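Asks: Only the shape, not the letters, is given here:
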Ligand SMILES: Nc1ncnc2c1ncn2[C@@H]1O[C@H](COP(=O)(O)OP(=O)(O)OP(=O)(O)O)[C@@H](O)[C@H]1O
């Protein structure tokens, strides 16, 4: 049986005001398990309870009801955080430190011996692509660069569970692809990832399973590719064929014979991300203008 890394049972958080009066039920009886090696997406509109869930798992908030366990230990036990890496949504890093100093500072907080700290910081700076900017203070960093150093910080303790709040926010398409590849790499290394994101295409690209929260209630939970599958339609893909009326006619006949109806016939589309990355790659290899307006002939 797979090892369970995160488990919540009836986890509930009610925020109260100064006088203890109930202000808001941010999370209502959440039951969730996340297994080792999974990339799990926690989704929901603004204010649906995602950050509250993360803070409960980190032991930064106390639940009003239910239980939360990480690595089998109660979430309130802060020692278990030594095996957790956390990238919060908003930057909290010291703006007057440079990348090296930042990682050294967080490495010290985890009591990592100096030789290990130095080696790991150098590797992480390289991994997140900041080698040329490691001596610059974070104040001078762009949003994308701050996201990169934030991720390096989250990994300084070589965590088994990595919690990422909006990991791709502020990143351009190249940075986004890089972040997604890195998340997939962490999974390959056996890490467990819990991420929150409003960028659903990114979630669909990397997550194995998702939970959707609304108003603090769990609305949906399951494997991404199963949840998005359209059971009412069938897709057939083929190579080595040209679009032509004869083929379309024959296909329609076969499909009708089996009780179906041909709905679409044409080339599949790639994603805008794939198109963008291909064009940037080609432009790097061959600088200069590459777009040519279509000829009058092609417009017809
Ligand atoms: N300290 C607090 N006191 C009172 N209410 C709070 C507090 N923190 C959060 N809330 C409320 O709890 C609900 C859930 O908030 P939470 O930050 O968990 O949402 P979220 O899903 O992370 O939202 P977002 O996508 O905007 O980050 C919201 O209605 C929010 O206003």
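Replies: Great, that's in hand. What you see is a predicted model, and the numbers here were worked out from it, not measured in a lab. Numbers count the residues shown, from 1 in each chain.

Asks: Would you mind listing what in the chain touches the ligand?
Replies: 15, 23, 24, 26, 44, 46, 47, 48, 49, 50, 51, 52 (C-beta under 6 Å from any ligand atom). In this view, the C-beta of every residue, glycine as well, is placed from N, C-alpha and C.

Asks: wait, isn't the last one in contact with residue 28?
Replies: Which is residue 52. No. With contacts counted by C-beta atoms under 8 Å, residue 52 stays clear of residue 28, the gap being 10.5 Å.

Asks: who has more neighbours, these two?
Replies: residue 52 (24 against 19; other C-beta atoms under 10 Å).

Asks: Pull up the per-residue confidence for the more buried one.
Replies: We have a pLDDT of 96 for residue 52.

Asks: Just the helices from the stretch 151-300 of the chain, written as ranges.
Replies: Using DSSP state H, counting those that start in this stretch, the helices of the stretch 151-300 of the chain run over 173-188, 200-206, 224-227, 245-257, 272-285, 296-299.

Asks: Dump those helices to CSV, plus mean neighbour count and mean pLDDT.
Replies: Output for the helices of the stretch 151-300 of the chain, formatted as CSV (neighbours: other C-beta atoms under 10 Å; pLDDT from 0 to 100):
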stretch, mean neighbour count, mean pLDDT
helix 173-188, 17, 94
helix 200-206, 18, 94
helix 224-227, 13, 94
helix 245-257, 11, 95
helix 272-285, 12, 87
helix 296-299, 7, 73
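
Asks: looking at those helices, which is closest to residue 106?
Replies: With respect to residue 106, and counting by C-beta to C-beta, the nearest of those is helix 173-188 at 17.6 Å.

Asks: Tell me which other helices or strands that closest one touches.
Replies: Applying 3 or more C-beta pairs under 8 Å, 6 or more residues apart in numbering; DSSP states H and E, one finds that helix 173-188 contacts strand 39-43, helix 143-155, strand 192-196, helix 200-206, helix 272-285.

Asks: Contact partners for the residue nearest the centre of the chain?
Replies: For the chain, the residue nearest the mean C-alpha position is residue 195 (4.8 Å; C-alpha atoms, centre = their mean). Residues in contact with residue 195, defined by C-beta atoms under 8 Å, 6 or more residues apart in numbering, are 39, 40, 41, 42, 163, 164, 165, 167, 183, 203, 206, 207.

Asks: now with 7 Å?
Replies: By C-beta atoms under 7 Å, 6 or more residues apart in numbering, the contact set of residue 195 is 41, 164, 167.

Asks: ok, it to the ligand distance?
Replies: 12 Å (C-beta to the nearest ligand atom, to the nearest Å).

Asks: Run a quick neighbour tally on the residue nearest to that residue when sequence neighbours are not counted.
Replies: In this structure, residue 195 finds its nearest non-sequential neighbour in residue 164, 4.2 Å apart by C-beta to C-beta, 6 or more residues apart in numbering. Residue neighbour count, defined by other C-beta under 10 Å, stands at 26 for residue 164.

Asks: what do you get for residue 16?
Replies: Other residues within reach of residue 16, judged by other C-beta under 10 Å, total 11.

Asks: what about the stretch 1-150 of the chain, any weak spots by pLDDT?
Replies: 91 (pLDDT under 70).

Asks: swap the cut-off to 80 and go again
Replies: Along the stretch 1-150 of the chain, the model assigns pLDDT under 80 to residues 1, 18, 20-23, 90-92.

Asks: ok, what's across the strand from the residue nearest to residue 195?
Replies: For residue 164, the beta-bridge partners under DSSP bridges are residue 87, residue 195.

Asks: Hmm, it is touching residue 87, no?
Replies: Yes. In terms of C-beta atoms under 7 Å, residue 164 counts as a neighbour of residue 87; the distance is 4.7 Å.

Asks: For residue 120, which non-adjacent residue is closest in space?
Replies: Residue 120's closest residue in space is residue 156 (C-beta to C-beta, 6+ apart), at 6.3 Å.

Asks: residues touching the residue nearest to residue 195, list them.
Replies: 87, 193, 195.

Asks: Show me which of those is closest to residue 172.
Replies: Of all the contacts of residue 164, residue 172 sits closest to residue 87, with 17.8 Å by C-beta to C-beta.

Asks: excluding its backbone neighbours, what's nearest residue 173?
Replies: Nearest to residue 173 is residue 276, by C-beta to C-beta, 6+ apart, at 4.9 Å.

Asks: Can you tell me how far the one you found is from residue 176?
Replies: Distance, residue 276 to residue 176, by C-beta to C-beta, to the nearest Å: 10 Å.

Asks: same question, residue 183
Replies: Plainly put, residue 183 is 11 Å away from residue 176 if you go by C-beta to C-beta.

Asks: And residue 149, by the same measure?
Replies: 17 Å.
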